[in-house]
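Asks: build me a model:
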Amino acid sequence: MRVVNLHHEMQLKERSEILEYRKRIVLAEVGSFEIYVESLGAFAYGIICVHEEVVKEWIHMDGISEERERLEEKGIFEHPIFEITCLTDILRDNKED
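Replies: Numbering: from 1, shown residues only. Predicted structure coming up:
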């Protein structure tokens, strides 16, 4: 989330409330918040986060996963993007059967 926050901070001219909230989550103690994720379609996820009785929602577009697929379709399998852990990886690796 720290990398995603940095990316969004560089893109935004003004600080947004959701960005400030997500920065607090990065610094929060593990177990002090809950995050719920729902797949909304290809590369899109709905995120709900509960921290200190505050609930925030946002949509996360997994651009890393999307770019990997684009490269794979071109037959490119050696690229640094394949070494980055993305939300799709985290969900796949922690999927409960």
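Asks: quick one: the helices in this protein, in order.
Replies: Ranges of helices in the chain, per DSSP state H, are 2-11, 17-27, 63-73, 87-93.
Asks: so which of those helices is nearest Glu38?
Replies: For those, the distance to Glu38 is smallest for helix 87-93, at 10.3 Å, taking CB to CB. To be clear about C-beta, it is placed using only N, CA and C from the backbone, and glycine gets the same treatment.
Asks: for that closest one, buried residues please.
Replies: 87-88 (16 or more other CB atoms under 10 Å).
Asks: mean confidence for it?
Replies: Average pLDDT, helix 87-93: 93.
Asks: output the contacting helices and strands for it.
Replies: With contacts taken as 3 or more CB pairs under 8 Å, 6 or more residues apart in numbering; DSSP states H and E, helix 87-93 sits against strand 33-41, helix 63-73.
Asks: JSON lines please, covering those and showing mean pLDDT, distance to Asp93 and mean neighbour count.
Replies: JSON lines is the format used below for the helices and strands packed on helix 87-93 (pLDDT from 0 to 100; distance: least, CB to CB, whole Å; neighbours: other CB atoms under 10 Å):
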{"stretch": "strand 33-41", "mean pLDDT": "94", "distance to Asp93": "13", "mean neighbour count": "11"}
{"stretch": "helix 63-73", "mean pLDDT": "96", "distance to Asp93": "13", "mean neighbour count": "15"}
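Asks: how about the contacts made by the residue nearest to Leu87 when sequence neighbours are not counted?
Replies: Leaving aside its sequence neighbours, Leu87 sits nearest to Asp62 (CB to CB, 6 or more residues apart in numbering; 5.0 Å). Each residue near Asp62 by CB atoms under 8 Å, 6 or more residues apart in numbering is listed here: 43-45, 86-88.
Asks: output stretch 50-69 as CSV, nothing but the C-alphas.
Replies: Taking C-alpha atoms only, stretch 50-69 is exported to CSV below (Å, rounded to 0.1, in the frame of the first residue of the first chain):
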residue,chain,number,x,y,z
VAL,A,50,-12.2,-0.3,8.8
HIS,A,51,-9.8,1.5,11.2
GLU,A,52,-10.6,3.1,14.5
GLU,A,53,-14.3,2.9,13.8
VAL,A,54,-13.8,4.8,10.5
VAL,A,55,-14.9,3.0,7.3
LYS,A,56,-13.5,4.1,3.9
GLU,A,57,-14.0,2.6,0.5
TRP,A,58,-12.1,2.9,-2.8
ILE,A,59,-11.5,1.1,-6.0
HIS,A,60,-8.0,-0.3,-6.7
MET,A,61,-7.0,-0.9,-10.3
ASP,A,62,-4.2,-3.5,-10.4
GLY,A,63,-2.1,-1.9,-13.2
ILE,A,64,0.8,-4.3,-12.4
SER,A,65,-1.3,-7.3,-13.2
GLU,A,66,-2.8,-5.7,-16.2
GLU,A,67,0.7,-4.8,-17.6
ARG,A,68,1.9,-8.4,-17.0
GLU,A,69,-0.9,-9.8,-19.0
